[in-house]
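S.K.: Sequence unavailable; structure follows:
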């Protein structure tokens, strides 16, 4: 797999989705049989994945099954929850104890781990020893919003590989620079992003938005740049991306990226119970058989519009969904299915960033 490639697979069955992508990538071609493989999910808090904060256990189970099927037996799951949370409790509540028993894969609580220093530029960074000892690190973050860095994805997920004292120092430094430098110090072999459900506003979960996709890549800067666009942010709004690119941690050039989409027919139209915050945003939507991938992008765009103080400018609602295909409508439509609207942004699905740009232009015209 090339550094400028991104695989995006749609659906709500992460076990099957990740196995299909890994088979296409032929990941075993770059891992030796005696490698120690570390899987780093996001278990920042002890909450089930459907709350939008933590990595789906089905996704991690799918990765493990694929590796076992290919003859790789030296696998461990490693994590350190945020300061004040108990990692072992997160392993249990999030479903990872069951995976550990079923597949005989150890759970490494990095809060108990000694650390070593790695020098990057003018910074010394403390990294947990076991994270440095793995031969091939598979980073499995959740794509979601963050109260300080705006998003959290591949680069920020590595913060679970540093001791709590270093986490506190990162926050005292403002997060952006140290997150970027950590991405240079601790390289990942593969990044598999859980974008099934990610939180709308906060890394702790509680306002999940159904996006029904996983994203697979090797360049953490490229992955995060693409992820930012799905949440409605430009590359320049995510401050750590510029720092990471300047120190050689990766590239943010999406124009050069080769994005390979799989299972576009599985952008499910299924429903889930929205949180009060998501429900309030959905009052601006006129929906009929909308795919979750497209609907989720619109929800994130509306949240960004709300943050800009422009949500009230939407008076008549926004059309979205397959039920409007082929119909002429007077109003704003999102996605290729609403091409008959007088104002329409095409895409299947369009990114939240593209929707946001379109709405800002349309509402201020």
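M.R.: Noted; the coordinates are in hand. As the structure is a prediction and not an experimental result, all values here were calculated from the model. Numbers count the residues shown, from 1 in each chain.
S.K.: Helices of the chain, residue ranges please.
M.R.: 14-25, 57-69, 87-93, 96-103, 129-133, 154-157, 164-172, 176-185, 220-230, 239-246, 276-282, 292-307, 352-363 (DSSP state H).
S.K.: Deepest-packed of those, please.
M.R.: Highest mean neighbour count among the helices of the chain (mean count of other Cβ atoms under 10 Å): helix 154-157, with a mean of 28. For every residue, glycine as well, the C-beta is placed using N, CA and C.
S.K.: so what does that one touch, helix or strand wise?
M.R.: Counting contacts by 3 or more Cβ pairs under 8 Å, 6 or more residues apart in numbering; DSSP states H and E, helix 154-157 packs against strand 136-140, helix 176-185, helix 220-230, helix 239-246.
S.K.: The residue nearest the centre of the chain - nearest residue in space that isn't next to it in sequence?
M.R.: Closest to where the C-alpha atoms of the chain average out (Cα atoms, centre = their mean) is residue 143, at 2.1 Å. In space, and not counting its chain neighbours, residue 143 is closest to residue 195: 4.2 Å by Cβ to Cβ, 6 or more residues apart in numbering.
S.K.: dump the residue contacts of the one you found.
M.R.: Applying Cβ atoms under 8 Å, 6 or more residues apart in numbering, one finds that residue 195 lies in contact with 142, 143, 211, 212, 213, 214, 215, 227, 230.
S.K.: what about the fourth one, neighbour count?
M.R.: Yep, that's residue 212 we're talking about. Residue 212 has 27 neighbours, counted by other Cβ atoms under 10 Å.
S.K.: now it: how far from residue 297?
M.R.: 11 Å (Cβ to Cβ, to the nearest Å).
S.K.: tell me the contacts of residue 2?
M.R.: So residue 2 contacts 218, 258 (Cβ under 8 Å, 6+ apart).
S.K.: Do you know the pLDDT at it?
M.R.: Residue 2 carries a pLDDT value of 93.
S.K.: quick one, phi psi at it?
M.R.: When quoted as degrees, to the nearest 10, the phi and psi of residue 2 stand at phi -80, psi 160.
S.K.: any idea how far stretch 230-248 is from the chain center?
M.R.: Offset of stretch 230-248 from its chain centre (Cα atoms, centre = their mean, to the nearest Å): 14 Å.
S.K.: Number of residues surrounding residue 32?
M.R.: Neighbours of residue 32 (other Cβ under 10 Å): 9.
S.K.: right, and it touches residue 74 too?
M.R.: No. Using Cβ atoms under 8 Å, residue 32 is not in contact with residue 74; the gap is 10.1 Å.
S.K.: Need the overlap of contacts for those two.
M.R.: Counting by Cβ under 8 Å, 6+ apart, residue 32 and residue 74 have no contacts in common.
S.K.: show me what contacts the residue nearest to the centre of the chain?
M.R.: 151, 152, 153, 193, 194, 195, 198, 211, 215, 227, 230, 231.
S.K.: tell me the contacts of the last one?
M.R.: Residue 231 sits next to 143, 144, 145, 150, 151, 198, 300, 304, 352, 353 when contact means Cβ under 8 Å, 6+ apart.
S.K.: Just the pLDDT at the residue nearest to residue 143, thanks.
M.R.: Listed pLDDT for residue 195 reads 96.
S.K.: quick one: it and residue 12, what's the gap?
M.R.: For residue 195, the distance to residue 12 - Cβ to Cβ - is 11 Å.
S.K.: what's the answer for residue 233, then?
M.R.: Per Cβ to Cβ, residue 233 is found 24 Å from residue 12.
S.K.: Chain neighbours aside, what residue packs nearest to residue 97?
M.R.: Nearest one to residue 97, counting by Cβ to Cβ, 6+ apart, is residue 91 at 5.4 Å.
S.K.: picking up where we left off before, tell me which of the contacts of residue 143 is nearest to residue 55?
M.R.: Nearest to residue 55, judged by Cβ to Cβ, of the contacts of residue 143 is residue 194 at 4.9 Å.
S.K.: ok, how many other residues are close to residue 192?
M.R.: Residue 192 has 29 neighbours, counted by other Cβ under 10 Å.
S.K.: Check residue 322 too.
M.R.: Neighbour tally, residue 322, other Cβ under 10 Å: 17.
S.K.: re earlier: what's the most distant pair in the contacts of residue 195?
M.R.: Greatest spatial distance in the contacts of residue 195: 212 and 227, 14.7 Å, computed using Cβ to Cβ.
S.K.: who touches the residue nearest to residue 97 in this structure?
M.R.: Contacts of residue 91 by Cβ under 8 Å, 6+ apart are 43, 77, 79, 97, 100, 107, 109.
S.K.: Drop anything exposed from those residues.
M.R.: 43, 77, 79, 100, 107, 109 (16 or more other Cβ atoms under 10 Å).
S.K.: Tell me the bridge partners for the third one.
M.R.: For residue 79, the beta-bridge partners are residue 109 (DSSP bridges).
S.K.: and it, what is it in contact with?
M.R.: 40, 41, 42, 43, 87, 90, 91, 107, 108, 109, 110, 160.
S.K.: quick one, phi/psi of the fourth one?
M.R.: Dihedral angles phi and psi of residue 43 (degrees, to the nearest 10) take the values phi -120, psi 50.
S.K.: next one: the one 5 residues further on
M.R.: Backbone dihedrals for residue 48, given as degrees, to the nearest 10, come out at phi -60, psi 160.
S.K.: Please tell me how far it sits from residue 262.
M.R.: 26 Å.
S.K.: Also residue 90?
M.R.: 30 Å.
S.K.: Residue 187 is in contact with residue 136, isn't it?
M.R.: No. Counting by Cβ under 8 Å, residue 187 sits too far from residue 136 to count as a contact (9.9 Å).
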